[in-house]
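[1] Fold the following.
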Amino acid sequence: MAAPLKRLCHQASRTVSRPTRTRSIRSSFIPKSQCQISQHRLYQTSRPSSAATQLDEIDEDDFDGYLEALDENLPYEGNLPSMAHAELEQHRELREMVRFAAWEMPLLSQLAQKYEKPDKVKLPLKWRYTTYFSEQHPASRKVVCEFRIHDMSQHAFAKDKQTRERQILKLKKLCGARFNPQSLSVKMSCESFETQAQNKRYLADTISKLIAEAKDLENGDNYEDVPLDTRHHKQKVKMQFPKEWRMTKERRKALEAMRNPPMPPAELEAGEAVEENGTQADQSSASLPEEIEELNEESEPIMEQAKQPLPRGKMGKKEMGQKGR
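    Next up, the predicted model:
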């Protein structure tokens, strides 16, 4: 932020150090004293050329020093070009944002409230919206509503257990493919209208009509002869790692004992007897070089005559050693 300001002040100090006469339409009846006063005011707004030298002496990292130098040496804004005005306006906006972040934002902590999880019985409906910031999108009108039937049944259906189960079963059949038998929830969406509020109102009215129809067991059809169809839902099985396969200290010790079994006592006694008897050990060690020599003789390669390489090009009867007719 400091470098553009320094460049701006250099440019302003150079332009102000060479003031130019401005054309103005004056009437011939203005007295000479007022003309001298206005000319004095015009040149009074200018700053000496020492402003650029003062800004050169300030370190670029010293932001406070830049602000003080600007307050003292900044020329009249009417003498600045349009690009300088744009940079000044951008600098004002940045400083306003910094002031807002330093003084206003910390005050928001006084309005903080502790989060309380909403009661599913009082608020069983869960709404989901899609918002595209700074643009209009056709998908932003879509509204999705989801609710669990058992959360809705505690205050919307009858208190009698048998009657409530019949009403819940009828509601499941009415929802059709929107009912999820795995999570026992109903999911509905609407994007037929232009605004989110209209789509939300339509979903709320539809859910109210479904509940009213499910509660009416005397006048309407109860669909008792129609089974609950769940073919639309494909249950996703979540694989879990078996507890028996988890590596624990006891299982690690058992695997090590299985891979390195202890030697039987009979073999241990035979090994100790061979080590004590030195002659038997010498005979076994002497027979090893003879076996190695026999293996080397069997694996010795057989030398054969190398075949002559075939000549390149076409082969005729003369080259192949055949006699003609």
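[2] So this protein: which segments form each domain?
    Domain segmentation of the chain under automatic domain parsing yields 2-18+31-107, 126-215.
[3] Straight-line length of the last one, end to end?
    End-to-end span of domain 126-215 (CA to CA, to the nearest Å): 22 Å.
[4] Check which residues of stretch 133-153 are buried.
    140, 141, 142, 143, 144, 145, 146, 147, 149, 151, 152, 153 (16 or more other CB atoms under 10 Å). The C-beta positions use only the backbone N, C-alpha and C, and glycine is treated the same way.
[5] Show me what that stretch is in contact with.
    Outside of stretch 133-153, the residues within contact range by CB atoms under 8 Å, 6 or more residues apart in numbering are 120-121, 124-132, 164, 167-168, 171-172, 179, 183-191, 193-196, 199-200, 203-204, 207, 211.
[6] first vs last residue of that stretch, how far apart are they?
    End to end - CA to CA - stretch 133-153 spans 37 Å.
[7] Emit the PyMOL select command for whichever of the contacts of stretch 133-153 are buried.
    One line in PyMOL is enough to select the buried ones among the contacts of stretch 133-153; burial here means 16+ other CB under 10 Å:
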select buried, resi 124+164+167+168+171+172+179+185+186+187+188+190+191+196+199+200+203+207+211
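[8] What about the contacts of stretch 133-153, which are in strands?
    126, 127, 128, 129, 179, 185, 186, 187, 188, 189, 190 (DSSP state E).
[9] quick one: least confident of the buried residues of stretch 133-153?
    Lowest pLDDT of the buried residues of stretch 133-153: residue 153, 81.
[10] you'd agree that residue is in a helix?
    Yes. Under DSSP: H, G, I helix; E, B strand; the rest coil, residue 153 sits within a helix.
[11] Let the chain start at 38 from now.
    New numbering, starting at 38: the last item is residue 190.
[12] low-confidence ranges in the stretch 188-337 of the chain?
    304-337 (pLDDT under 70).
[13] got a pLDDT number for residue 118?
    pLDDT, residue 118: 86.
[14] the helices in the chain, which residues?
    39-54, 69-81, 87-94, 100-110, 119-136, 186-193, 198-212, 233-252, 286-296, 302-313, 315-335, 354-357 (DSSP state H).
[15] what's the span of stretch 141-150, first residue to last?
    18 Å.
[16] ditto for stretch 138-155
    Terminal-residue distance, stretch 138-155 (CA to CA): 32 Å.
[17] Average the pLDDT values over that stretch and round to the nearest integer.
    92.
[18] neighbouring contacts of that stretch?
    So stretch 138-155 is in contact with no residue, going by CB under 8 Å, 6+ apart.
[19] got it, and stretch 265-273?
    By CB under 8 Å, 6+ apart, stretch 265-273 touches 206, 209, 210, 213, 214, 216, 217, 218, 219.
[20] quick one, what contacts the fifth one?
    Applying CB under 8 Å, 6+ apart, we find residue 214 in contact with residue 269.
[21] and if we set it to 10 Å?
    By CB atoms under 10 Å, 6 or more residues apart in numbering, the contact list for residue 214 reads 224, 266, 267, 268, 269, 270.
[22] okay if I get those residues as CSV plus distance to residue 143?
    Output for those, formatted as CSV (distance: CB to CB, whole Å):
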residue, distance to residue 143
224, 42
266, 58
267, 55
268, 58
269, 53
270, 51
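[23] Quick one, which of those are buried?
    residue 224.
[24] So which of the contacts of residue 214 are in strands?
    residue 224.
[25] For residue 128, state which of the contacts of residue 214 is nearest.
    Comparing the contacts of residue 214 against residue 128 with CB to CB places residue 224 closest, at 51.9 Å.
[26] Excluding sequence neighbours, find me the nearest residue to the closest one.
    Leaving out its chain neighbours, the residue that sits closest to residue 224 by CB to CB, 6 or more residues apart in numbering is residue 183, at 4.6 Å.
[27] what pairs with that neighbour across the strands?
    Counting by DSSP bridges, residue 183 is bridged to residue 163, residue 224.
[28] roughly how far apart are it and residue 225?
    Using CB to CB, to the nearest Å, residue 183 is found at 8 Å from residue 225.
[29] Overlap of the contact sets of the two?
    residue 215.
[30] one step back: would you mind checking which of the contacts of stretch 265-273 is nearest to residue 101?
    residue 217 (63.1 Å).
[31] Hmm, residue 225 and that closest one touching each other?
    No. Counting by CB atoms under 10 Å, residue 217 does not reach residue 225; the two are 11.5 Å apart.
[32] Give me the residue ranges of the stretch 38-187 of the chain where confidence is low.
    Those would be 38-98, 100, 107-115, if you go by pLDDT under 70 across the stretch 38-187 of the chain.
[33] OK, contacts around residue 236?
    166, 178, 179, 180, 181, 182, 226, 227, 228, 229, 230.
[34] do you know how far the last one is from residue 260?
    Computed as CB to CB, the residue 230 to residue 260 distance reads 30 Å.
[35] do the fifth one as well
    With the distance defined as CB to CB, residue 181 ends up 26 Å from residue 260.
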